[in-house]
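**Q** Everything below, folded, please.
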Amino acid sequence: MGVLSTLAALVLLVLPAFFGIRAMSSDPVFASLDALNVPSWASQKAQDQGVNSRWCFLDCRFRERIAESERPFQETAEAYAGALTAAGWKQWDVADCPETPINKDEGSYTCWRRDELTLDLYVSLPGCMVEQTTTLAEGEEATAPAECEGSTVSIKVAYTITDQRGKTDTTPGLTGVTPDAVLPTDDPLLEPTPEAS
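**A** Residues are numbered from 1 along each chain as shown. Modelled structure (predicted):
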């Protein structure tokens, strides 16, 4: 009986607690980004951060991953596009993607959708290139050219319910101010009442 009680306690209490804690500590979206079939050169030094609630209490979760690639942004963007397509993501052509225009010589910006999620993929020049450009813009003389290759990958994932792009407002507010009614001037009710004699 003691062995059976111990096994029952293990199955009913310990295992659910273990799997529950593991589920709460790992983010399934970041796990799916880890599972993307991108080459190792395209996902160096990945840094993840997420804000808000995974269960959409008050605000839904927003996730962002920044990584470095050893190759130019065109090749890196193609590698990510292929991996996202293979993972079931569909490219999403929608207004405000991107919100501000991107120079085609400086990066590639695409939007994607899958299930209840939207994903923004921005592959741009590497950070060292941006720093060199900023230094030259400030009027400082360029030092010996440092080796600056590769690109920077930014992935932003949000829930479709919170992404307002492509949605029409189904509950518009006031569409205007109703003008004051103009009373007709020939209405006999508007004439003053004669005084009693």
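**Q** What count of nearby residues applies to Leu58?
**A** Neighbourhood size, Leu58 [other CB atoms under 10 Å]: 6. Any C-beta I mention is one placed from the backbone N, CA and C, and that applies to glycine too.
**Q** so what's it up against?
**A** The neighbourhood of Leu58, defined by CB atoms under 8 Å, 6 or more residues apart in numbering, consists of Asn52.
**Q** Quick check: it vs Leu12, distance?
**A** Distance, Leu58 to Leu12, by CB to CB, to the nearest Å: 33 Å.
**Q** Over to Thr110?
**A** 47 Å.
**Q** So those two - more neighbours on which side?
**A** Shown here are Thr110 and Leu12; by other CB under 10 Å, Thr110 has more neighbours (19 against 10).
**Q** mind listing what the one helix or strand the more buried one maps to pairs with, with the direction of each?
**A** In the assignment (DSSP states H and E), Thr110 maps to strand 107-114. Using DSSP bridges, the strands paired with strand 107-114 in its sheet are strand 90-91 (antiparallel), strand 117-124 (antiparallel).
**Q** Need phi/psi at Ala83.
**A** Backbone dihedrals for Ala83, given as degrees, to the nearest 10, come out at phi -70, psi -40.
**Q** so Glu116 sits right up against Ala158, yeah?
**A** No. Glu116 is beyond contact range of Ala158, at 9.9 Å (criterion: CB atoms under 8 Å).
**Q** Between these two, which is the more surrounded one?
**A** Each of Glu116 and Ala158 has its neighbours counted (other CB under 10 Å); Ala158 has more, 21 against 10.
**Q** and the more buried one, helix, strand or coil?
**A** Counting by DSSP: H, G, I helix; E, B strand; the rest coil, the backbone at Ala158 sits in strand.
**Q** gap between it and Ala31?
**A** Remark: distance between Ala158 and Ala31 (CB to CB) = 17 Å.
**Q** now do Lys167
**A** Separation of Lys167 from Ala31 (CB to CB): 28 Å.
**Q** likewise Cys60?
**A** In terms of CB to CB, Cys60 sits 18 Å off from Ala31.
**Q** Please apply the same query to Tyr159.
**A** 17 Å.
**Q** again with Thr100
**A** 31 Å.
**Q** Which of these two has more residues huddled nearby?
**A** Shown here are Thr100 and Ala31; by other CB under 10 Å, Ala31 has more neighbours (9 against 6).
**Q** Touching the helix or strand hosting that one from outside, list them.
**A** Using DSSP H and E, Ala31 maps to helix 28-34. Here helix 28-34 makes contact (CB under 8 Å, 6+ apart) with 48, 50, 61, 63, 65, 87, 117, 155, 157.
**Q** run the last query once more with 7 Å
**A** If you take CB atoms under 7 Å, 6 or more residues apart in numbering as the criterion, helix 28-34 is touched by 48, 63, 65, 117, 155, 157.
**Q** looking at the protein, which helix or strand is least sure?
**A** When the helices and strands of the chain are scored by mean pLDDT, DSSP states H and E, helix 15-25 comes last with a mean of 55.
**Q** residues touching the closest residue in space to Ser124 that isn't next to it in sequence, list them.
**A** With CB to CB, 6 or more residues apart in numbering as the criterion, Ser124 has its nearest non-adjacent residue at 3.5 Å, and that residue is Gly107. If a contact means CB under 7 Å, 6+ apart, then Gly107 has 73, 122-125 as its contacts.
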